[in-house]
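# Sequence plus the predicted model coming up.
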There are 2 protein chains.
Amino acid sequence: MTISRVAIIGLGLIGGSIGLAVREMLPGVATTGWDADAAVRRRAAERGLAGTICETAGDAVREAELVILCVPVGAMNAAAEAIAADLVPGTIVSDVGSSKRRVGEALAKTLPGAVVIPAHPVAGTENSGPDAGFPELFRHRWCIVTPDHTAPPAAVEALTQFWEGLGATVEIMDPAHHDLVLAVTSHIPHLIAYTIVGTASDLEDVTRGEVIKYSAGGFRDFTRIAASNPTMWRDVFLSNRDAVLEVLGRFTEDLSLLQRAIRDGDGETLFDLFERTRAIRRSIIEEGQDDARPDFGRTDH
Amino acid sequence: MTISRVAIIGLGLIGGSIGLAVREMLPGVATTGWDADAAVRRRAAERGLAGTICETAGDAVREAELVILCVPVGAMNAAAEAIAADLVPGTIVSDVGSSKRRVGEALAKTLPGAVVIPAHPVAGTENSGPDAGFPELFRHRWCIVTPDHTAPPAAVEALTQFWEGLGATVEIMDPAHHDLVLAVTSHIPHLIAYTIVGTASDLEDVTRGEVIKYSAGGFRDFTRIAASNPTMWRDVFLSNRDAVLEVLGRFTEDLSLLQRAIRDGDGETLFDLFERTRAIRRSIIEEGQDDARPDFGRTDH
């Protein structure tokens, strides 16, 4: 089973990058695209984010072997409903959402005739919309695929080959475990970044101008992910509530211990943690998951 | 009053960058350097981090008009004691520490004959040691100078011109206010980053390998600053305790509100914050305090 026609529903950062990546790396695969927003469809046509930009979701999916829903998790059901009537039974329906358990269950319910195989490419930038995508987004990144026991192995293999064709490495994972891993590596970091940026802008004794001026001391690192798509992130926290609250509980416990160490002047506890966390950075760089240059290779100075 | 001879005490990332920047941008200024660690002195000589690398702190400071202590805040007093006997009265003594109130008081007490003018260049990378410095580190960055009422204006002006000569923009600030501003823009971001990296590596249900693999979802951003010099950061938290605990209190309040919003399924509260924090990122980029390219311009993919 090979995929020769892919429908991309939702043409923002991820959907647009998939379309551009297919054009560049899988020239034998045709793409159709649709977005609920007419202005986005127009811009997608200008940028060539898909081979054919369709005026309806039904037109986009009718001949596809694979449909990828690239919309915020909270809009997933509406997207599924928009394609339901025109979807040929047996079509593979996947997505790119950051939480998988609830999304998979909802898609299977709304699209009973489809082969639902949720997926999550662990890639992105702080930008969103039809101008944000680029074809290299998935290169050397992981794509986590979370099939349930009903998914035919040939369909899982076809989806795997598709993502590998875009430069990603595929990992098969249980949806609940995915949601816990991503709560740690993505959702809680975003929540914390949003929080500290909010805290900093609400202080009375430090002006917003001062926060911006002196942000190079560390704060600016957090503002990047706190500039991500608000709708997408609202939906992630609501749909992955249980795992997010569990990891957040651990984080606040750990933070309380450091707070106590600072209050007590306990330098040893601080030093031990700060020494230990360096090793993780080294491993991330060794495994090619970040830029090894100092300061991420920034060239603003 | 102009400065023609600068002594750099401590030849790590900041001290080394000062030496390299002087050589490149202030060719009329001579530099001497000293570090308590003999291996660092040898490496500093190889890299040319100062015009003359001295074998004793006294040799380095004896003919200098400006002495800059570039050591962790907790080592500041030992550095001051190492130069006290050889320091000519009236010499300007400054530093580069991230907390200013306690450091300024301690230096004034240990070096009663010196003109103590604390300073803090808001610049750095996650790397440390004599190999980490580079001459452009201070370019387009702020340097906060925190003189007390006894500092002669001519000396403050000379120090200001020195930092401007290295490419920085100088801001004069009250030391207590500096400590609060930096708690927000630098110290709490580092504390939070250290905490989440620690939390992630201690979980039972998610392996360290998984954390590293999927770190591109946001986590890797935090690992950069959580790889910073542990000694330096331990000292920052201990010396700026009051301001750090105050801002940390605000942060945990705000985080609790978001936690509650997630538990209650209150998407509006989440969306409102996530929308608001985007504006700060835009301002930081407009003011040239960060790289405007997506993902900081990383090129690892």
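Yep, that arrived.

# Quick one: end-to-end length of stretch A:168-177, please.
20 Å (CA to CA, to the nearest Å).

# List the buried residues of it.
Within stretch A:168-177, the residues scored as buried using 16 or more other CB atoms under 10 Å in any protein chain shown are A:168-171, A:173, A:175, A:177. For the C-beta atoms, the positions are set from N, CA and C on the backbone; glycine is no exception.

# Residue of the stretch 51-200 of chain A closest to chain B, please.
In the stretch 51-200 of chain A, the residue that lies nearest chain B is A:S186 (3.0 Å; CB to the nearest CB).

# Check whether stretch A:284-298 comes into contact with chain B.
Yes: using CB under 8 Å from any CB of the partner chain, we find that stretch A:284-298 touches chain B at A:284, A:287-292, A:294-298.

# how about the residues you listed, which pair is most distant?
Pairwise distances across the residues of stretch A:284-298 next to chain B peak at 21.5 Å for A:E287 and A:R298 (criterion: CB to CB).

# Those two: which has the busier surroundings?
A:R298 (19 against 13; other CB atoms under 10 Å in any protein chain shown).

# In contact with A:E157, which residues?
A:M1 (CB atoms under 8 Å, 6 or more residues apart in numbering or on different chains).

# circling back: PyMOL command to pick out the buried ones of the residues of stretch A:284-298 next to chain B?
To isolate the buried members of the residues of stretch A:284-298 next to chain B in PyMOL, using 16+ other CB under 10 Å:
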select buried, chain A and resi 284+289+290+291+294+295+296+297+298
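
# what's the straight distance from one end of stretch A:106-124 to the other?
For stretch A:106-124, the end-to-end distance is 24 Å (CA to CA).

# Distance from it to the middle of the chain?
Relative to the chain's own centre, stretch A:106-124 is displaced by 14 Å; criterion: CA atoms, centre = their mean, to the nearest Å.

# same check, this time on stretch A:267-275
33 Å.

# can you check stretch A:83-90 too?
25 Å.

# So what touches that stretch?
A:7, A:9, A:57-63, A:67, A:93, A:110-111, A:113-115.

# Which of these fall in helices?
A:57-61, A:110 (DSSP state H).

# Select from those residues the one having the most neighbours.
If you rank the ones in helices among the contacts of stretch A:83-90 by neighbour count (other CB under 10 Å), A:V61 sits at the top with 29 neighbours.

# correct me, but that residue touches A:A79?
No: look at A:V61 against A:A79 with CB atoms under 8 Å: they stay out of range, at 10.2 Å.

# Name the residues contacting each of the two.
With CB under 8 Å, 6+ apart as the test, A:V61 and A:A79 both reach A:I9.

# What parts of the stretch 1-150 of chain A come near chain B?
Counting by CB under 8 Å from any CB, the stretch 1-150 of chain A sits next to chain B at A:74, A:98, A:122-127, A:132, A:136-137, A:139-142, A:144.

# Spell out which residues make up each domain of chain A.
What automatic domain parsing lists as the domains of chain A is A:5-173, A:177-265.

# So the residue of the stretch 51-200 of chain A closest to chain B sits against B:Y214, correct?
Yes: A:S186 is within contact range of B:Y214, at 7.2 Å (criterion: CB under 8 Å).

# ok, back up a step: so which of the residues of the stretch 1-150 of chain A next to chain B sit within strands?
Counting by DSSP state E, the part of the residues of the stretch 1-150 of chain A next to chain B found in strands is A:142, A:144.

# Going by neighbour count, which of the residues of the stretch 1-150 of chain A next to chain B comes out on top?
Going by other CB under 10 Å, A:S98 tops those with 28 neighbours.

# quick one: terminal-to-terminal distance for stretch A:107-117?
9 Å.

# my bad, stretch A:111-124
For stretch A:111-124, the end-to-end distance is 27 Å (CA to CA).

# buried set for that stretch?
So, applying 16+ other CB under 10 Å, buried residues of stretch A:111-124: A:111, A:114-124.

# Check stretch A:92-106 too.
Quick answer for stretch A:92-106 (16+ other CB under 10 Å): A:92-104, A:106.

# So which of these belong to strands?
A:92-95.

# Go through the helix or strand encompassing A:T195 and flag the buried ones.
Taking DSSP states H and E as the definition, A:T195 sits inside helix A:188-202. Neighbour counts over helix A:188-202 (16+ other CB under 10 Å) mark A:188-201 as buried.

# pLDDT averaged over that helix - what is it?
The predicted model assigns helix A:188-202 a mean pLDDT of 95.

# Show me what residue of the stretch 201-301 of chain A gets nearest to chain B.
A:G217 (3.0 Å).

# check contacts around the residue lying closest to that residue once chain neighbours are set aside.
Excluding the flanking residues, the one nearest A:G217 by CB to CB, 6 or more residues apart in numbering or on different chains is B:S186, at 3.0 Å. Listed by CB under 8 Å, 6+ apart, the contact set of B:S186 reads A:214, A:217-219, B:98, B:122.

# what separates the residue nearest the centre of chain A from B:G58, distance-wise?
Central residue of chain A (CA atoms, centre = their mean): A:S98, 4.9 Å from the mean position. The spacing between A:S98 and B:G58, counted by CB to CB, to the nearest Å, is 59 Å.

# For the closest residue to A:R298 other than its chain neighbours, list the residues it contacts.
Spatial nearest neighbour of A:R298, excluding adjacent residues (CB to CB, 6+ apart): B:D291 at 4.3 Å. Going by CB under 8 Å, 6+ apart, B:D291 touches A:296, A:298-300, B:297.

# closest to A:R234 among those?
With CB to CB as the yardstick, the closest approach to A:R234 among those comes from A:F296, at 26.8 Å.

# The closest one - nearest residue in space that isn't next to it in sequence?
Per CB to CB, 6+ apart, closest to A:F296 is B:F296, 4.1 Å.
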